[in-house]
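Chemist: no sequence on this one, just coordinates:
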């Protein structure tokens, strides 16, 4: 059997292996009287057919904007409104048990965010800790995850300090996301108000974070870093700058936890660069390492970049209409064949097919109703 035949057989086997995969798709939302959202929603998705069902309510919750799924598939975590021990309402993290058969969620417990305005949450690779970012107060908090999926009170809380150049939005810190490194040794917090990515060492056994040395990496002044994604190789980090409508590529030193800027490129087509009123939201790296995606809010597009795996550098190849208003989170399914975009203002989510050669996106015609949709998370059932 020659090499080309072997390649064909391998490709066929790989396709067959993933063809029948079924997923639950969870949607985090902004809840208010105007949009009618009641909490976290769940749909079913088949990666072979591209069939996405209409979402149903999985659990009632107040403003569960961003979600994270535990690696065991047993638990889900959401930022949002919580009931504090003193009987008052505040922002925090909520844990839920997942029923894989129905997709329904059962509340386990809640803990305070300590700071104000929690906007993003993630769980580490071991499932022993969670971390969140507080946009309002510009701080981060981390939590130990117990054997039953519940979260501790904050194991660490770190208040960011400083400001940057924009007199309206950068007079103080605004932490916007927390991501764990591929080797689970560090956590990276994008802070829009500081034009920095703060770097922390993590201790999953205790759920604690401590400042790293170096303690941060700078992004372009006035750019407003929001979210980031690691390249599958672990060599690069892609940070979208919400205010600057750009994507900054960093080289990642896994030994030191350090970031070194390679380049910053626009997420807009040339004709729209420099126009006011646009902002980015999410960054994604395709599992094949050759494509990066960024959602452009108000411009209502997804920017598609090719990525040179040898250098990390990006080339813009497409700005595809997102088929809704204010795309927030965009998420690739684990097979890398599909992408779902959540539309906050139009209360919908759209399904796109990913061209496996170019990485370009094509709208499938499938759009589902999710009031106040902000976040998308896939959970594999097979």
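Modeler: On my side now, so go ahead. Everything quoted here is computed from the prediction, not taken from an experiment.

Chemist: switch to C-alpha atoms for all contacts and neighbour counts from now on
Modeler: Will do.

Chemist: would you mind measuring from residue 378 to residue 39?
Modeler: In this view, residue 378 and residue 39 are 17 Å apart by C-alpha to C-alpha, to the nearest Å.

Chemist: give me the low-pLDDT residue ranges for this protein?
Modeler: Along the chain, the parts satisfying pLDDT under 70 run over 1-20.

Chemist: let me see the ranges of the helices in it.
Modeler: For the chain, the helices defined by DSSP state H cover 3-19.

Chemist: what residues are up against residue 79?
Modeler: 63-67, 91-94, 118-121, 132 (C-alpha atoms under 8 Å, 6 or more residues apart in numbering).

Chemist: that one bridge partners, please.
Modeler: residue 93 (DSSP bridges).

Chemist: ok, back up a step: so which of the contacts of residue 79 are in strands?
Modeler: 67, 91-94, 118-121, 132 (DSSP state E).

Chemist: and which of the residues you listed is nearest residue 275?
Modeler: The closest of those to residue 275 turns out to be residue 119 (C-alpha to C-alpha; 26.7 Å).

Chemist: give me the distance between that closest one and residue 202.
Modeler: Distance of residue 119 to residue 202, computed by C-alpha to C-alpha: 20 Å.

Chemist: could you pull out the strands in the stretch 101-250 of the chain for me?
Modeler: 105-112, 118-123, 129-134, 139-144, 156-159, 175-180, 186-191, 196-203, 208-218, 225-230, 236-241, 246-253 (DSSP state E, counting those that start in this stretch).

Chemist: mean neighbour count, these: which tops it?
Modeler: strand 129-134 (a mean of 30; mean count of other C-alpha atoms under 10 Å).

Chemist: which residues touch that one?
Modeler: Here strand 129-134 has contacts from 79, 93, 113, 115-124, 139-145, 174-178, 189, 204-207, using C-alpha under 8 Å, 6+ apart.

Chemist: still on that earlier bit, could you dump the strands of the stretch 101-250 of the chain to TSV with distance to residue 374?
Modeler: Converted to TSV, the strands of the stretch 101-250 of the chain look like this (distance: least, C-alpha to C-alpha, whole Å):
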stretch	distance to residue 374
strand 105-112	18
strand 118-123	10
strand 129-134	16
strand 139-144	20
strand 156-159	25
strand 175-180	14
strand 186-191	18
strand 196-203	22
strand 208-218	27
strand 225-230	14
strand 236-241	17
strand 246-253	20
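
Chemist: on that earlier part again, the ones in strands among the contacts of residue 79 into CSV, with extra columns for distance to residue 229?
Modeler: Listed next are the ones in strands among the contacts of residue 79 as CSV, based on distance: C-alpha to C-alpha, whole Å:
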residue, distance to residue 229
67, 16
91, 25
92, 24
93, 22
94, 24
118, 20
119, 17
120, 14
121, 14
132, 16
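
Chemist: nearest to residue 373, out of the strands of the stretch 101-250 of the chain?
Modeler: Of all these, strand 118-123 sits nearest to residue 373, with 13.7 Å by C-alpha to C-alpha.

Chemist: partner strands of the closest one and their direction?
Modeler: With DSSP bridges as the test, strand 118-123 pairs up with strand 129-134 (antiparallel).

Chemist: what angle sits between the strand it pairs with and strand 208-218?
Modeler: On the basis of axes from the mean of the first three to the mean of the last three C-alpha atoms, to 10 degrees, strand 129-134 is oriented at 50 degrees to strand 208-218.

Chemist: next, the angle strand 196-203 makes with strand 129-134.
Modeler: Going by the same axes, to 10 degrees, strand 129-134 makes 160 degrees with strand 196-203.

Chemist: quick revisit: residue 335: which of the contacts of residue 79 is nearest?
Modeler: residue 67 (20.0 Å).

Chemist: so who does the residue lying closest to that closest one once chain neighbours are set aside touch?
Modeler: Among residues not flanking residue 67 along the chain, residue 78 sits closest, at 4.5 Å (C-alpha to C-alpha, 6 or more residues apart in numbering). With contact set as C-alpha under 8 Å, 6+ apart, residue 78 has these partners: 28, 64-68, 93-95, 121.

Chemist: let's see it at 10 Å
Modeler: Residues in contact with residue 78 (C-alpha atoms under 10 Å, 6 or more residues apart in numbering) are 28, 40, 61-69, 92-96, 110, 118-122, 132.

Chemist: likewise for residue 350?
Modeler: Contact analysis of residue 350 by C-alpha under 10 Å, 6+ apart lists 52, 322-324, 327, 330, 339-343, 363-369.

Chemist: ok, 6 Å please
Modeler: Shown in contact with residue 350 (C-alpha atoms under 6 Å, 6 or more residues apart in numbering): 340-341, 366-367.

Chemist: so what's residue 162 closest to, chain neighbours aside?
Modeler: Distance criterion C-alpha to C-alpha, 6+ apart; nearest residue to residue 162, sequence neighbours excluded, is residue 172 at 5.7 Å.
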